[in-house]
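K.L.:
model the structure of this input:
(one chain, ligands or ions: 2)
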Amino acid sequence: MRIRAARIPVPRKPVTRSLIDQIPQTATPSKINPTPSSNPNKRTLEELTPTDLCYYWDTKPPTPSQLAFADKIFIPSRHSPLKLWSASKFRTTPISSIEPEVAFLGRSNVGKSSLLNAIMGQDICWTSSKPGRTREMNAFGIGGTKGGEHKVVLLDMPGYGKASRAEWGMEIMKYLQGRKQLRRAFILIDSEHGIKQNDAEILSLFRRNAIPHQIILSKVDKVLAKNRKQMKSGASAIGIQRLQDFLRKLQPQVQPDQSISNGPGALGEILTCSADTHVGPGRVLGVDAVRWAILSAAGIDGSLEGVQPTPEVPT
Ligand SMILES: Nc1nc2c(ncn2[C@@H]2O[C@H](COP(=O)(O)OP(=O)(O)O)[C@@H](O)[C@H]2O)c(=O)[nH]1
Ligand SMILES: [Mg+2]
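P.N.:
Numbering: from 1, shown residues only. Ligands and ions are numbered 1, 2, ... in the order given. Coordinates of the predicted model:
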């Protein structure tokens, strides 16, 4: 049970345990050595790989060279990232572009804009601790060169849920259903809260409309460690196990049995990120795997770039 829940002075509704707290801890706290440097149960943030942080059940985790390739495409330059357009109505979005697009959706305050900034390596999206501040769809071009073309377009969508406008939901769905260039929608779920009712409704809508989608668990620092200070020194075996248990628990919710769920579920992998946890120069926790997922969705795997990821040497 998190102590924070007990501090709420006058709860308006009964205090319920968060999803994370309900997951049994499979490793025992007694195994933790309090001195991280010599602690075999603690991993530095640099050491954490997509296999530790994510859950891949239908796909394979990206290799180190694929991650390096993805990072290279997203390195900021004079021509990338570029803000391309903003629109509050689907009919005002430019239709002429042919570049593959991916959209980022989620409840207000889930961390969409923070993640996009981390992905693009630049504070180009507006972020706020107050929900409902992104009121438009904002499009950003990545991998552009002098000629102005972009390899992929990222869309920051208005949040749904608290402080959002009901008609945005309609506009977003119109966009997602009608947009030929859309390759995948990434749906962010707050790791502190799990799948809320409006997330479940969006997921069901996506399944019914057969829109390709994938889940990213945001703010994963809150699962990996108790607080920022602890997070800085790395992730404990317990924290990683707790995250893996959490991801496994989400699988049937994001990819339910097709015979009962009306349409295809999310892609068979769940990514995680912590947009404000820096892992090294220009590196943010979980972001390399998200970058690779964007490129995979857009069909940019290096084979047409002349910069093929180096094949992995079997060990
Ligand atoms: N602890 C934590 N807070 C985050 C993280 N990402 C974003 N936040 C905070 O969550 C709030 C909302 O972020 P924002 O990116 O504006 O969310 P959006 O409304 O979905 O675009 C801000 O106060 C951020 O600082 C994260 O990875 N960990
Ligand atoms: Mg935002």
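
K.L.:
C-alpha from now on. contacts and neighbour counts both.
P.N.:
Noted.

K.L.:
all strands for the stretch 51-200 of the chain, in order.
P.N.:
55-56, 82-87, 101-106, 137-142, 152-156, 182-190 (DSSP state E, counting those that start in this stretch).

K.L.:
which ones are touching residue 156?
P.N.:
Shown in contact with residue 156 (CA atoms under 8 Å, 6 or more residues apart in numbering): 103-105, 112-113, 116, 125, 137-139.

K.L.:
swap the cut-off to 6 Å and go again
P.N.:
104, 137-138 (CA atoms under 6 Å, 6 or more residues apart in numbering).

K.L.:
most neighbours of all those, which one?
P.N.:
residue 104 (25 neighbours; other CA atoms under 10 Å).

K.L.:
still on that earlier bit, out of the contacts of residue 156, who's near ligand 2?
P.N.:
With CA under 5 Å from the ion as the criterion, these include none near ligand 2.

K.L.:
look at residue 301 and report its pLDDT.
P.N.:
On the pLDDT scale, residue 301 is placed at 79.

K.L.:
same check on residue 204?
P.N.:
90.

K.L.:
where in the stretch 101-250 of the chain is pLDDT low?
P.N.:
The model of the stretch 101-250 of the chain has pLDDT under 70 over residues 128-134, 146-148, 162-169.

K.L.:
what are the boundaries of the helices in it?
P.N.:
Using DSSP state H, counting those that start in this stretch, the helices of the stretch 101-250 of the chain run over 112-120, 166-178, 197-208, 221-224, 228-232, 237-254.

K.L.:
in CSV: those, plus mean neighbour count.
P.N.:
Output for the helices of the stretch 101-250 of the chain, formatted as CSV (neighbours: other CA atoms under 10 Å):
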stretch, mean neighbour count
helix 112-120, 25
helix 166-178, 16
helix 197-208, 17
helix 221-224, 22
helix 228-232, 14
helix 237-254, 19
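
K.L.:
of all those helices, which one is nearest ligand 1?
P.N.:
helix 112-120 (3.6 Å; CA to the nearest ligand atom).

K.L.:
the closest one vs ligand 1: in contact?
P.N.:
Yes: against ligand 1, helix 112-120 shows contacts by CA under 6 Å from any ligand atom at 112-114.

K.L.:
and stretch 79-90, anywhere near ligand 2?
P.N.:
No: Stretch 79-90 stays clear of ligand 2 (CA under 5 Å from the ion), getting no nearer than 13.0 Å.

K.L.:
send me that stretch as PDB with only the CA atoms.
P.N.:
Extracted C-alpha coordinates of stretch 79-90, given in PDB (Å, rounded to 0.1, in the frame of the first residue of the first chain):
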ATOM      1  CA  HIS A  79      15.800  19.900 -40.400                       C
ATOM      2  CA  SER A  80      14.500  17.500 -37.800                       C
ATOM      3  CA  PRO A  81      12.200  17.700 -35.800                       C
ATOM      4  CA  LEU A  82      10.100  20.200 -37.500                       C
ATOM      5  CA  LYS A  83       6.600  21.300 -36.400                       C
ATOM      6  CA  LEU A  84       4.500  20.800 -39.500                       C
ATOM      7  CA  TRP A  85       1.000  21.700 -38.600                       C
ATOM      8  CA  SER A  86      -1.700  22.100 -35.900                       C
ATOM      9  CA  ALA A  87      -5.400  21.300 -36.400                       C
ATOM     10  CA  SER A  88      -8.400  21.200 -34.100                       C
ATOM     11  CA  LYS A  89     -10.700  19.700 -36.700                       C
ATOM     12  CA  PHE A  90     -10.100  16.600 -38.800                       C
END
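
K.L.:
what residues does it touch?
P.N.:
By CA under 6 Å, 6+ apart, stretch 79-90 touches 93, 136-145, 171, 175.

K.L.:
so what's the spatially most central residue of the chain up against?
P.N.:
Per CA atoms, centre = their mean, the C-alpha nearest to the average position across the chain is that of residue 216, at 3.3 Å. Counting by CA under 6 Å, 6+ apart, residue 216 makes contact with 188, 270-272.

K.L.:
go again with 7 Å.
P.N.:
186-189, 270-272 (CA atoms under 7 Å, 6 or more residues apart in numbering).

K.L.:
what is the nearest of those to ligand 2?
P.N.:
residue 188 (11.5 Å; CA to the ion).

K.L.:
can I assume the closest one is in contact with residue 214?
P.N.:
No: between residue 188 and residue 214 there is no contact, the gap being 8.6 Å when judged by CA atoms under 7 Å.

K.L.:
which one of those two has more residues nearby?
P.N.:
residue 188 (25 against 22).

K.L.:
thanks again, I'm all set now.
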